[in-house]
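Asker: Predicted structure and sequence below. I'll ask about it afterward.
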Amino acid sequence: MSKSRNSLSPNSARGIDTAKKVPLAPGRSLMDWIRNAPKRSPRRSSISEDELAQHNTEQDCWLAVRDIVYDVTAYVAYHPGGRDQIMRGAGIDATELFNEYHPWVNVENMLKTCVVGRLSMTKKFKMPLAPVLQTLSVNGGIVSTSAPLEKPFFDWMQDDNYVYLFVTINQEMLLRKEYVTIIHSNDTNEIKVYVYIKSHCFFLGFKLSGQIISVNFDIENNKNIKISLEKKEKSAWKKIGAALSDNKSFTKVQALPKLKFPTYLEEKTQLTHDSFLFTFRHAKNAILRVPIGRHVHILLPNNQSLIRPYTPVPKAVTSRSKNDGTQTTLLIKVYQDGMFTSKLSEVKIGDKILMSIPEGAFDLQKVQDAVSITLFAAGTGITPMLGIIQHCLIEQFLEIRKLRLIFFNKTENDMMLKEDLEKLAVKFPNNFKITHVLSASSSSWNGKTGRISENLVREIVPQIVVENDDLADDEKLLCACGPKPFTDLTVQILKRLNVSESCIYPFSG
Ligand code: NAP
């Protein structure tokens, strides 16, 4: 590899670093802004484009980035690109401008005290259609709007110590760490990289030219994934290796080959009389996190026909979860007469279990677009809801959302993660509410009882009944997960209450 290639900065080479800076007056640095930023004011759930447009002067300047409206009047003087540049976004949805000049800036954090509220969905700007156009239809549930999907770009380079693989995403999306799975096998010296882009996955696969010691990756500028392979020996590789079949393919997640890789049971924590958190440590050089609402399958190595899907529990919901890329924590109920879990419960710490790469097609955009989210969970059906709860409460502006969890269990002793969930409800009292419903409660239970029914839904969440609801369909999301008959019944009940099918997402494994 030539010297000039080694010094290539993938960002500047691709013209990403286009932001221009102007000299700022004294006292107008980023640190000054952090010190002087205004205090937070109450946030609103819906601001129309017409209202946004009225705040378009330097003395009264609002702009929207990624669906959030900010009052940047106080920030204008601190903008490193100067007043004129920021005023180009005054009174409008400035997402395109923002992405053009500094997509890597953490605007949500920098302007967190300036949030006015959420831009109304009614007249949102539409992205231009790109070459690959896909419609995602999931389990008869949500059919997401046609999203333009572009195949990522791949490049590589090396220095003495590392081989770097670069994947550049050309997609309007927040590139989260869990969208990248990397599995390197020491036995075969094959590396497999999966980059999840909405309904699709970009795959890279090579039998490497040389041995490696470690694998790591970073995300830069919300666009570039830089994968660093640490070489065992300091020598130049003539090529990266032999391409595996399907290398550089870009397919629907459902069409991915079902790769299984070894993990080892590291920890088992009891939650209730029959449910446990199982933490599996991945094999060395396997990095895997599961996108929100998606799952992995696990298999018993001595009986690979026994396979079950599970959704990881996010760390933000319970500190007992260890999901960090090198370990995966799953909530599993052990059924004494169950074919799979009775055998799984006999697995000892350190024993091998096979795990799949992430599967499923849940589109996080639906959560990000929704103002009102209602989650109907029964038993371990709580697990896919936890990622949604974590995303809304911890990562996004919950203040502009209403999140309701209706959690069905048999008895008080079956309520998994009750204290963890309640801590969140106490922390976010105006926006996160939980109702527990028990089907076989003790006489001392004074909460709701029974199974899901139309009356119960009307009573607990009257606001979702269409007559009481003034939200547009794409501002609402209603998810159901539990035993299949529960999930099917919930969907039927919601439809009977005239909830549009496009707002309902049934998780069905
Ligand atoms: P469970 O304890 O047996 O049941 C939880 C609650 O659901 C109980 O109150 C139960 O009422 C109620 N329920 C069960 N069947 C019902 C029905 N037909 N109509 C109305 N209510 C009903 O649940 P579990 O053993 O934890 O099982 C959870 C299920 O969720 C598993 O089947 C699992 O595969 C599934 N799951 C799916 C996904 C996914 O698709 N992504 C993820 C996680 C879990 P009763 O006491 O009256 O039966």
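Answerer: Noted; the coordinates are in hand.
Asker: any weak-confidence spans in the stretch 151-300 of the chain?
Answerer: Residue ranges of the stretch 151-300 of the chain with pLDDT under 70: none are present.
Asker: give me the number of residues near the residue in it that the ligand sits nearest to?
Answerer: Residue nearest to the ligand within the stretch 151-300 of the chain: His295 (5.6 Å; CB to the nearest ligand atom). Heads up, the C-betas are built off the backbone N, CA and C, glycines and all. The tally of other residues near His295 (other CB atoms under 10 Å) stands at 22.
Asker: Residue numbers of the stretch 201-350 of the chain in contact with the ligand?
Answerer: Proximity of the stretch 201-350 of the chain to the ligand, by CB under 6 Å from any ligand atom, involves residues His295, Thr311, Lys333.
Asker: Okay, and the beta partners of the residue of the stretch 151-300 of the chain closest to the ligand?
Answerer: Beta-bridge partners of His295, counted by DSSP bridges, are Glu359.
Asker: I'd say it and Met355 touch.
Answerer: No. Look at His295 against Met355 with CB atoms under 8 Å: they stay out of range, at 10.7 Å.
Asker: which residues does the residue lying closest to Met385 once chain neighbours are set aside bridge with?
Answerer: Computed as CB to CB, 6 or more residues apart in numbering, the closest residue to Met385 that is not its neighbour in sequence is Leu375, at 4.4 Å. In this entry, Leu375 is beta-bridged to Leu405, Cys479, by DSSP bridges.
Asker: how close does Leu375 get to Leu421?
Answerer: Separation of Leu375 from Leu421 (CB to CB, to the nearest Å) stands at 11 Å.
Asker: Among the residues of the stretch 201-350 of the chain next to the ligand, which one lies nearest to Asn446?
Answerer: For those, the minimum distance to Asn446 (CB to CB) is 25.7 Å, reached by Lys333.
Asker: what's the burial count for that closest one?
Answerer: By other CB under 10 Å, the residues close to Lys333 number 16.
Asker: Return the set of residues that bridge with it.
Answerer: Residues in beta-bridge contact with Lys333 (DSSP bridges): Ser275.
Asker: Torsion angles phi and psi at the residue most central in space within the chain?
Answerer: Centroid-nearest residue in the chain, with CA atoms, centre = their mean: Ile292, separated by 4.2 Å. In terms of degrees, to the nearest 10, the main-chain angles of Ile292 are phi -60, psi 130.
Asker: How about Asn36?
Answerer: Backbone geometry at Asn36, expressed as degrees, to the nearest 10, gives phi -100, psi 0.
Asker: What distance do you get for the nearest residue to it once chain neighbours are set aside to the ligand?
Answerer: Among residues not flanking Asn36 along the chain, Ala74 sits closest, at 7.7 Å (CB to CB, 6+ apart). To the ligand, Ala74 is 45 Å away according to CB to the nearest ligand atom, to the nearest Å.
Asker: quick one: Ala74 and Leu52, what's the gap?
Answerer: For Ala74, the distance to Leu52 equals 17 Å [CB to CB].
Asker: Comparing these two, which shows the higher neighbour count?
Answerer: Taking neighbours as other CB under 10 Å, Ala74 and Leu52 compare with Leu52 leading, 21 against 15.
Asker: and the host helix or strand of the more buried one, which residues are buried?
Answerer: In this assignment (DSSP states H and E), Leu52 forms part of helix 49-53. Neighbour counts using 16 or more other CB atoms under 10 Å place Glu49, Glu51, Leu52 of helix 49-53 among the buried residues.
Asker: Turn those residues into JSON lines, columns for pLDDT.
Answerer: Below are the buried residues of helix 49-53 laid out as JSON lines (pLDDT from 0 to 100):
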{"residue": "Glu49", "pLDDT": "90"}
{"residue": "Glu51", "pLDDT": "93"}
{"residue": "Leu52", "pLDDT": "94"}
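Asker: quick one: which of these is nearest to the ligand?
Answerer: The nearest member of the buried residues of helix 49-53 to the ligand, counting by CB to the nearest ligand atom, is Glu49 at 36.6 Å.
Asker: So the closest one sits against Leu119, correct?
Answerer: Yes. Using CB under 8 Å, Glu49 is in contact with Leu119, at 7.1 Å.
Asker: Show me the common contact partners of these two, please.
Answerer: Residues touching both Glu49 and Leu119 (CB atoms under 8 Å, 6 or more residues apart in numbering) are Asp93.
Asker: Among the buried residues of helix 49-53, find me the one that's closest to Leu299.
Answerer: For the buried residues of helix 49-53, the nearest to Leu299 is Glu49 (50.5 Å; CB to CB).
Asker: Kindly state the pLDDT recorded for the closest residue to Phe507 other than its chain neighbours?
Answerer: In this structure, Phe507 finds its nearest non-sequential neighbour in Cys481, 3.8 Å apart by CB to CB, 6+ apart. As predicted, Cys481 sits at a pLDDT of 97.
Asker: dump the residue contacts of Cys481.
Answerer: By CB under 8 Å, 6+ apart, the neighbours of Cys481 are Leu375, Phe376, Ala377, Ala378, Gly381, Ile382, Thr383, Pro384, Met385, Thr487, Pro506, Phe507.
Asker: Pop out the phi and psi values for Asp32.
Answerer: When read as degrees, to the nearest 10, the backbone of Asp32 gives phi -60, psi -40.
Asker: List the buried residues of the helix or strand containing Ile86.
Answerer: Assigned by DSSP H and E, Ile86 belongs to helix 83-87. For helix 83-87, the neighbour count (16+ other CB under 10 Å) marks Gln85, Ile86, Met87 as buried.
Asker: again with stretch 327-342
Answerer: Buried residues in stretch 327-342, counted by 16+ other CB under 10 Å: Gln327, Thr328, Thr329, Leu330, Leu331, Ile332, Lys333, Val334, Phe340, Thr341.
Asker: Out of those residues, list just those in strands.
Answerer: Counting by DSSP state E, the part of the buried residues of stretch 327-342 found in strands is Gln327, Thr328, Thr329, Leu330, Leu331, Ile332, Lys333.
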